[in-house]
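*Asks:* The following block contains a protein sequence and its predicted model.
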Amino acid sequence: MTPAEKAQAKSVSLRRIGALFNGHRKQLTLVVAIIVVASVLGMASPFLLREIIDVALPQSDLRLLSWLVAGMIVVAAITSVLGVLQTWISTTVGQRVMHRLRVDVFSHLQRQSVGFFTRTRTGEVQSRITNDIGGMQSVVTSTATSIAANLTTVVATIVAMVALTWQLTLISLLVLPPAILLTRRVARMRQKITAARQRELAELNVIIEEGLSINGIQLSKTMGAGDAQITRFTGSSGRLIDLELRSELAGRWRMAAMNIIFAVIPATIYLAAGLPFAAGAMSIGTLVAFTALQGNLFRPLMSLLDVSVTMTSSLALFARIFEYLDLPVEIASPANPVRLEDVRGHLRFEDVTFAYDGRSPAALSGVTLDVPAGSSLALVGETGSGKSTTAALIARLHDPTSGRVTIDGVSLRDLDLSDLSDIVGVVSQETYLLHTTIRENLRYAKPSATDAEIEAACRAAQIHTLVSGLPEGYDTMVGSRGHRFSGGEKQRIAIARTLLRDPRILVLDEATSALDNETERAVQRAFDELSRGRTTVTIAHRLSTVRDADQIVVLDHGRILESGDHDTLIGAGGRYAVLARAGQPSTVDAS
């Protein structure tokens with residue numbers, strides 16, 4: 001465990017862990033009541049046993065014996081039923097807490113910026129939600145009730161033991177100080193091992209995600225890296241074996257020593273009871289009842305100590321989960337968002353500068369753009385010139401370092417994020433399709449979309465004929481990341497998905513880059529038709545696709561090099577004219 005992780009684990013307060021159970025106090029109060037009743041009832045059995053041995057059997061009192069035996073059976077039956085009821089309630093509460101914790105973490109991560117996910121490995125995020133929260137399950141579902149049950153049993157047992165013989169009770173409790181000391185040492189050992197184990201589980205998740213995804217498999221096969229991936233996985237899995245063994249065996253010798261001590265004490269009491277000076281000091285029934293109570297004391301006492309170990313080691317898990325819950329939301333909806341009732345789509349960049357993670361040089365520097373509602377803007381430039389960064393700022397995937405981006409005069413920071421996603425539609429060159437049907441992929445953009453609306457969007461994107469010709473039509477599974485379809489087919493499905501939202505501002509980030517010339521021309525005609533009345537921002541792959549744009553802006557290293565329409569820029573003889581005369585693409589990939 002690193003120093004930062006140690007400090008973080010120490011900072012996890014039990015109060016915050018307890019706050020997870022807010023809203024379940026009635027159920028927990030009922031569980032505690034059940035535990036107290038069951039513990040008190042359980043204490044009756046040793047006293048009934050003493051009466052059987054000291055009174056009913058020596059006096060051959062069959063009637064008394066029958067009542068005492070019946071009492072023992074009733075006590076056992078009632079405590080068993082109460083135990084089942086307690087388990088049902090406590091497990092239900094625990095599972096609901098786990099559910100809320102998973103949802104809270106997932107929801108909070110959904111609100112994180114794109115920058116967070118570019119900095120964090122996907123497998124690491126998955127491991128926090130699955131492995132870390134899964135590792136906390138026993139603590140959340142059973143620890144609280146285990147503490148209450150065992151603590152109540154210990155207190156009730158000590159009271160009963162004192163009632164039988166306080167002298168032997170003092171002897172029995174001599175083991176408590178060394179037991180507590182050993183338990184604390186074991187807990188610290190387990191906490192370190194648990195943190196290391198969770199880090200290794202996260203690493204294993206990353207290897208699985210990278211090595212068994214469709215892209216990872218393709219890369220592995222084309223690079224001949226299969227053996228290296230297996231070696232990497234084997235190493236991580238082997239380290240997990242060692243950590244799991246260390247976790248299970250941590251402190252086992254110490255705890256085994258305590259078990260021996262606990263076993264020696266009743267044996268010593270039996271020996272002492274047989275010595276000449278102690279003869280007749282207590283009845284056989286009292287001796288048997290006391291040793292039975294002593295066994296009832298040591299079992300819950302050991303359970304309490306084990307719970308202490310589990311809780312301490314689990315602080316590392318809580319620390320990892322709370323770390324994600326405490327992540328600041330870099331891009332969030334304002335507390336009082338501005339509502340645009342009649343969106344026209346007038347887009348402006350006002351002296352916008354943006355740097356990724358504060359790095360220098362800035363990706364954009366002093367960019368000012370004015371895109372009137374319903375007009376079209378084309379961005380061209382070399383790789384790294386800032387085109388895709390500009391598109392990302394329009395969708396508010398990032399916020400400007402300085403300056404502001406506005407729609408109809410309202411800063412994007414003042415709009416609700418859900419409203420902004422309705423206003424701005426984005427089609428990028430890297431299409432991502434969910435592993436479900438074509439229909440559900442399209443409804444991801446608009447859950448309420450009718451089949452007619454879905455088909456209309458696909459017709460506009462020039463994909464309806466292909467989809468309807470498939471054996472299962474729109475119910476065809478697209479496969480992992482859409483690899484069942486070609487790049488151009490995936491792109492057109494993604495275009496249809498965006499068009500289904502009917503956004504007022506359309507951002508096309510090299511949206512036709514994966515299409516062949518004939519298909520690109522067909523889709524471009526659809527875009528020309530659909531762009532009427534919309535504000536359209538296009539990042540060009542081929543200059544031929546943007547020559548009719550109302551405004552063309554040439555970017556170079558984050559700055560505007562020149563701007564104007566096609567004829568003006570050609571006449572100026574600048575960078576755009578050079579690219580046009582050369583007949584070369586303005587860029588090879590997104591910047």
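*Replies:* That came through fine.

*Asks:* how near is A363 to T538?
*Replies:* As judged by C-beta to C-beta, to the nearest Å, A363 and T538 stand 19 Å apart. For the C-beta atoms, the positions are set from N, CA and C on the backbone; glycine is no exception.

*Asks:* higher neighbour count, those two?
*Replies:* T538 (27 against 23; other C-beta atoms under 10 Å).

*Asks:* Which elements pack onto the helix or strand harbouring that one?
*Replies:* Following DSSP states H and E, the helix or strand that holds T538 is strand 535-539. Judged by 3 or more C-beta pairs under 8 Å, 6 or more residues apart in numbering; DSSP states H and E, the packing partners of strand 535-539 are strand 376-381, helix 387-394, strand 505-509.

*Asks:* Figure out which of the ones you listed is closest to L168.
*Replies:* Of all these, it is helix 387-394 that lies closest to L168, at 75.5 Å by C-beta to C-beta.

*Asks:* if I pick G409, what's in contact with it?
*Replies:* 346, 348 (C-beta atoms under 8 Å, 6 or more residues apart in numbering).

*Asks:* Check what pLDDT it gets.
*Replies:* According to the prediction, G409 has pLDDT 93.

*Asks:* In its sheet, which strands sit next to the strand holding T538, and in what direction?
*Replies:* strand 376-381 (parallel), strand 505-509 (parallel) (DSSP bridges).

*Asks:* Out of those, the one nearest G285 is which?
*Replies:* Taking C-beta to C-beta, strand 505-509 is the member of the strands paired with strand 535-539 nearest to G285, at 86.0 Å.

*Asks:* quick one: contacts of that closest one?
*Replies:* With C-beta under 8 Å, 6+ apart, strand 505-509 has contacts from 345, 347, 387-388, 391, 394-395, 407, 423-429, 498, 527, 530-531, 534-539, 590.

*Asks:* Please look at I129 and V105 and confirm they touch.
*Replies:* Yes: taking contacts as C-beta atoms under 8 Å, I129 lies within contact range of V105: 5.7 Å.

*Asks:* Look at those two and report which has more neighbours.
*Replies:* The neighbour count for I129 versus V105, taken as other C-beta under 10 Å, is higher for V105 (20 against 16).

*Asks:* Could you list every helix and strand in contact with the helix or strand hosting the more buried one?
*Replies:* In the assignment (DSSP H and E), V105 maps to helix 62-110. With contacts defined as 3+ C-beta pairs under 8 Å, 6+ apart, the packing partners of helix 62-110 are helix 25-42, helix 44-51, helix 133-135, helix 144-164, helix 284-325.

*Asks:* Which one of those lies nearest to V367?
*Replies:* Smallest distance to V367 across these (C-beta to C-beta): 33.9 Å, for helix 284-325.

*Asks:* Which element is encountered next along the chain beyond that closest one?
*Replies:* In the C-terminal direction, the helix or strand that comes right after helix 284-325 (DSSP H and E) is strand 347-354.

*Asks:* Surely I394 and T536 touch.
*Replies:* No: in this structure I394 lies outside contact range of T536 using C-beta under 8 Å: 11.1 Å.

*Asks:* how does this protein divide up, domain by domain?
*Replies:* Domain ranges of the chain: 3-325, 347-582, per automatic domain parsing.
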